[in-house]
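**Student:** Build me a model from this:
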Amino acid sequence: MLRPNHWVKSGFCLAALFFGGRFLSVESWLLLLPLLVSISLLSSAGYIVNDCLNLEEDRHHPRKRRRPIASGEVGVKSALLSAGILTSFSLFLLCYAYGVKEVFFLSTGYLILTCLYSVLFRSIPVLDVMTLSIGFVVRVISGAYAVGLPPTWWLVGCTYSLALLLGFGKRRGELVLFRKRGENVGGTRKALKGYSFLLLDSLLAASALACVGTYVAFVVVRGNFFLGLSIVPVLSGVSDYIRMAWRSEVVETPETLFLRSPVLLSSVGGWLACVLFSQLGNF
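**Tutor:** Predicted coordinates:
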């Protein structure tokens, strides 16, 4: 019910360490630890609320019907009580670690945004992905404030365009999945009725171009040799993701992609190595 496999998305909180030159700072990693725990639990609370609100739709989904709430294994009242406990603990931890300041307010806004998505934006094509992508940006900005770094437009731009790429890829994967099974498109997500393969392919291409273009511009401005080399794994990773998105429904579960794509995994590893070498000169 908590979907711990989705906690990997909390890794976006670490983006400021890479963009701000703090990747090798143990102190910065420790400062981020309370945020990583809190934002992961807040995301779980959001998933619980979403599952309760969209119970009937999930019961018609080939995979989601096995979730604890949709299958009836966990009652709605018990689930919402769990969400309340997770939220209370997370906000207390954030308040204790960072005070009632930027990180606390951003994380609270993230929870509100998640609930608004479940109630309203989830059924509106394009706007659904754009809303979810803002959640990734909030994670990144929260991480920047947690380590005392002012968030930059490079950080926001790269994050938002990457989140759009992942989101539109997920929608395309869902569309492929339902077409293959011959099931009702939109039966589990109303927004899918407003999508087509042509539209999603165009949105994927535009998001990929924005993501790579913003990152390349950031690297050029920084003027670091090893950061320049990191463009290669970035291009490789984005290209492989688009290849998978256009080929099958595998991108319908982005949280497990690393287990299915050696190219994507090696691209992330290569990018991390380049970032590491680019910051060694600071120590």
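
**Student:** use CA for all of it now, contacts and neighbours both
**Tutor:** Will do.

**Student:** tell me the mean pLDDT over the helix or strand containing Q279?
**Tutor:** Assigned by DSSP states H and E, Q279 belongs to helix 262-279. On average, the pLDDT along helix 262-279 is 88.

**Student:** do stretch 53-66 as well
**Tutor:** Per-region confidence: stretch 53-66 scores 78 on mean pLDDT.

**Student:** Other residues contacting the helix holding Q279?
**Tutor:** Helix 262-279 has contacts (CA atoms under 8 Å, 6 or more residues apart in numbering) with 18, 21-24, 224-227, 229-231, 233-234, 236-237, 240-241, 257-259.

**Student:** list the buried ones in it?
**Tutor:** For helix 262-279, burial by neighbour count (16 or more other CA atoms under 10 Å) applies to 263-264, 267-268, 270-272, 274-276, 278-279.

**Student:** quick one: the strands in the stretch 51-200 of the chain?
**Tutor:** With strands called from DSSP state E, counting those that start in this stretch, the stretch 51-200 of the chain shows none.

**Student:** what packs against the helix or strand of the chain with the lowest mean pLDDT?
**Tutor:** Using mean pLDDT, DSSP states H and E, helix 55-58 stands out as the lowest-scoring helix or strand of the chain, at a mean of 78. Helices and strands touching helix 55-58, as assessed by 3 or more CA pairs under 8 Å, 6 or more residues apart in numbering; DSSP states H and E, comprise helix 68-71.

**Student:** in the helix it packs on, what's buried?
**Tutor:** The neighbour-count check on helix 68-71 (16+ other CA under 10 Å) flags 68-70 as buried.

**Student:** a markdown table please, covering these and showing distance to W154.
**Tutor:** Output for those, formatted as a markdown table (distance: CA to CA, whole Å):
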| residue | distance to W154 |
| --- | --- |
| P68 | 40 |
| I69 | 40 |
| A70 | 40 |
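
**Student:** ok, these vs R189, which is closest?
**Tutor:** Of all the buried residues of helix 68-71, R189 sits closest to A70, with 14.4 Å by CA to CA.

**Student:** Model confidence at the closest one, what's the number?
**Tutor:** 86.

**Student:** and if you look at Y117?
**Tutor:** At Y117, pLDDT is 90.

**Student:** residues near it, how many?
**Tutor:** The burial count assigned to Y117 is 20, neighbours taken as other CA atoms under 10 Å.

**Student:** That one reaches S133, doesn't it?
**Tutor:** No: Y117 lies out of contact with S133 (CA atoms under 8 Å); the separation is 10.9 Å.

**Student:** So what would you say the end-to-end distance of stretch 18-35 is?
**Tutor:** 17 Å (CA to CA, to the nearest Å).

**Student:** Give me the contact list for it.
**Tutor:** Counting by CA under 8 Å, 6+ apart, 13-14, 16-17, 93-94, 97, 142-143, 146-147, 149, 155, 275-276, 279-280 sit against stretch 18-35.

**Student:** Same question for stretch 8-15.
**Tutor:** 32, 35-36, 39-40, 136, 139-144, 155, 255.

**Student:** Of these, which belong to helices?
**Tutor:** Among the contacts of stretch 8-15, the residues falling in helices (DSSP state H) are 32, 35-36, 39-40, 136, 139-144, 155.

**Student:** Which pLDDT value belongs to L199?
**Tutor:** 93.

**Student:** just checking, D128 touches Y117?
**Tutor:** Yes: counting by CA under 8 Å, Y117 is a contact partner of D128 at 7.1 Å.

**Student:** What's the ChimeraX line that selects buried ones from the contacts of helix 262-279?
**Tutor:** The buried residues among the contacts of helix 262-279 can be selected in ChimeraX (16+ other CA under 10 Å) with this line:
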select :18,21,22,23,24,226,227,229,230,231,233,234,236,237,240,241,257
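
**Student:** can I assume L192 is in contact with P125?
**Tutor:** Yes: when contacts are counted by CA under 8 Å, L192 is listed as touching P125 (6.8 Å).

**Student:** If you count surrounding residues, which of the two has more?
**Tutor:** In this view L192 and P125 are compared by other CA under 10 Å, and L192 has more residues nearby, 20 against 17.

**Student:** No further queries at this time; thank you.
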